[in-house]
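Trainee: here you go, sequence then predicted model.
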Amino acid sequence: MKLNLLFTLITVLLSLLIISCGRSEADRNTILYWSSNNTYEIQFAAYVTKKWNEENSVKVKFQPVPEGQSSEEIILAAVVGKTTPDIYSNMWQGDVEVYAQAGILIPLDTLDGFLEFIYERCDSAVVEEITSTDGHIYQIPWKINPIMLIYNQNAMNELELDSVPGNYSQFTSAAEKFKADLDGDGYIDRWFGYAEVQVTWWQRFFDFYPLYLAASGGASLVENDKAVFDNEHAVNVFKFLRNLYANNYFSKERLSARQDVFLSGVIATRFTGPWEISHSEKYKPEGFEYDFHHLPVPDNHEGPIYTYGDPKNIVIFNTCKNPTSAWQFLKEMISEENDLKLLEFSNQLPRRKNIDQNSLFAGYFEQNPKMKNFAEQAKYVKGTDASPVLKEVFDLISQQYEACVVYGVKSPEAAIKDAADAVNLLFLK
């Protein structure tokens, strides 16, 4: 295991060293841009850089992030080897604070015209969210994939529901009616929903965290180096999810290895993002109808319903020799017109305020009506808090999630308190 990890790291570092040597011999008036390795984002990046290079003397060299176990691993190796690109457009928001505190990123608010641009693109709440603990801004909000509830309309019709279950009581009531032992062997084999039961920290982006944001009106997990989630919202989310598993409304069995359990009717709902649309349209059986809805909230919930936006942002590394030109390129890359191109290429939402009301995007949403759900939800999405230990925070929450929600060996109150206490230990100096 250790030998494999060492071999992977050496391979990654050698690859990045080769890239770096190539750059050192190249024209210094070239900006190196790494995109994600998503096929549609590669197409978008190729389109944008080609257009830019035809019109500007400072050229942009584009390539997808090099292959590795994960893009986060590649970026970390590049940081260690001082082979970072000038621009990277697939940075998880939760990683930014780590790199910002390490002095590896350029504070974008020091670049001419940045603040005017960002306030035109984003509302003040988003700007506050992306501001680092030192008061600077090191990232540009670029794209989001809000987590919502996909539901089988045929199943809702079968249950004779007038509306999609929107609160905890409605959801569990519908789940009780839908679950079934279809083959009569004494075991439930049709469930109302499914979420991965793995303890892996990032799995909480698709169950606990979006539901916590929905219940709390978009509240933080950590503030000022302190856990702030030991509250009724987190406890109620744990209670809700625990109830789903305890009553066989959600399967504890891992269903991800099967053929699509949503399209085959084994489950009626799932917490997911807009990527589900293209997959469902391609593989849905004849007569299958589905749509999207906000996440379930507590019965007494009032106000807007938030969710996790799964944001990926853009950064400029401090190895960049020409940050002014890099910034000029980025302004062009995330202009309104190119945000529309991003939508058309990838079906990922630009994080741009009032996108559902912007006439430039109206034609796209007319042709892709299910994406309108996500555009409307985009007003109420959150990313992650500015903290250098967010992965550890989610890992500690996941451990208590497993004990309480999945296995039921700890009460929701105790699990949330223990998670918060453990998180506070992370911040001891």
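Mentor: Everything's here; your move.
Trainee: low-confidence stretches in the chain?
Mentor: Scanning the chain for pLDDT under 70 picks out 1-28, 429.
Trainee: how about a cut-off of 50?
Mentor: For the chain, the stretches with pLDDT under 50 are 1-14, 16-19, 21-22, 25-27.
Trainee: show me the domain layout of it.
Mentor: Taking automatic domain parsing as the criterion, the chain consists of the domains 2-145+310-382, 148-308+389-426.
Trainee: with mean neighbour count added, can I get the ones you listed in CSV?
Mentor: For glycine as for every other residue, the C-beta is placed from the backbone atoms N, C-alpha and C. What follows is the domains of the chain, written out as CSV (neighbours: other CB atoms under 10 Å):
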stretch, mean neighbour count
domain 2-145+310-382, 18
domain 148-308+389-426, 18
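Trainee: which residues does the spatially closest residue to Pro64 that is not a sequence neighbour contact?
Mentor: Ranked by CB to CB, 6 or more residues apart in numbering and with sequence neighbours excluded, the top spatial neighbour of Pro64 is Asn37, at 4.2 Å. Neighbouring residues of Asn37 by CB atoms under 8 Å, 6 or more residues apart in numbering: 64-65, 67, 71.
Trainee: strands - which of those residues land there?
Mentor: Those of the contacts of Asn37 mapping onto strands are Pro64, per DSSP state E.
Trainee: next, the spatially most central residue of the chain: phi, psi?
Mentor: By CA atoms, centre = their mean, the chain has its centre lying nearest to Asp310, at 1.6 Å. Asp310 adopts backbone torsions of phi 50, psi 50, taken as degrees, to the nearest 10.
Trainee: cool, Gln43 as well?
Mentor: Main-chain dihedrals, Gln43, degrees, to the nearest 10: phi -60, psi -40.
Trainee: quick check, it in contact with Leu342.
Mentor: No: under the criterion of CB atoms under 8 Å, Gln43 makes no contact with Leu342, lying 10.2 Å away.
Trainee: what ranges does the stretch 101-250 of the chain have for its helices?
Mentor: In the stretch 101-250 of the chain, the helices defined using DSSP state H, counting those that start in this stretch lie at 114-121, 124-130, 153-158, 168-178, 208-216, 232-246.
Trainee: so can I have CSV of the ones you listed showing distance to Pro412?
Mentor: Formatted as CSV, the helices of the stretch 101-250 of the chain follow (distance: least, CB to CB, whole Å):
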stretch, distance to Pro412
helix 114-121, 39
helix 124-130, 27
helix 153-158, 28
helix 168-178, 13
helix 208-216, 11
helix 232-246, 4
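Trainee: who wins for proximity to Ile316 among those?
Mentor: helix 114-121 (10.5 Å; CB to CB).
Trainee: contacts for stretch 153-169?
Mentor: Defining contact as CB under 8 Å, 6+ apart, one finds that stretch 153-169 is touched by 149, 151, 171, 173-174, 177-178, 236, 240, 265, 268, 287-291, 293-294, 296-299, 301.
Trainee: roughly how far is it from the heart of the chain?
Mentor: Here the centre of stretch 153-169 is set off from its chain's centre by 27 Å, with CA atoms, centre = their mean, to the nearest Å.
Trainee: endpoints of it, how far apart?
Mentor: Using CA to CA, to the nearest Å, the gap from the first to the last residue of stretch 153-169 comes to 19 Å.
Trainee: stretch 213-232 now?
Mentor: Start-to-end span of stretch 213-232 (CA to CA) is 12 Å.
Trainee: tell me the gap between that stretch and the middle of its chain.
Mentor: 18 Å.
Trainee: try stretch 206-222
Mentor: Chain-centre distance of stretch 206-222: 13 Å, with CA atoms, centre = their mean.
Trainee: straight-line length of it, end to end?
Mentor: End-to-end distance for stretch 206-222, by CA to CA: 19 Å.
Trainee: contacting residues for the closest residue to Tyr194 other than its chain neighbours?
Mentor: Leaving aside its chain neighbours, Tyr194 sits nearest to Ile267 (4.8 Å; criterion: CB to CB, 6+ apart). Counting by CB under 8 Å, 6+ apart, Ile267 touches 190-194, 251, 255, 261.
Trainee: same check, this time on Ser36
Mentor: Counting by CB under 8 Å, 6+ apart, Ser36 makes contact with 42, 64-65, 71, 89-90, 312.
Trainee: only C-alpha atoms, please: export whichever strand or helix holds Phe292 in PDB.
Mentor: Phe292 is part of strand 290-293 when elements are defined by DSSP states H and E. Taking Å, rounded to 0.1, in the frame of the first residue of the first chain, the C-alpha atoms of strand 290-293 are listed here in PDB:
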ATOM      1  CA  TYR A 290     -39.100  12.700 -13.100                       C
ATOM      2  CA  ASP A 291     -38.400  16.200 -11.900                       C
ATOM      3  CA  PHE A 292     -36.600  18.000  -9.100                       C
ATOM      4  CA  HIS A 293     -37.700  19.600  -5.800                       C
END
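Trainee: so what are the sheet partners of it and their directions?
Mentor: strand 148-152 (antiparallel) (DSSP bridges).
Trainee: give me the angle between the strand it pairs with and helix 168-178.
Mentor: Strand 148-152 and helix 168-178 are oriented at 30 degrees to each other (axes from the mean of the first three to the mean of the last three CA atoms, to 10 degrees).
Trainee: alright, that wraps it up for me.
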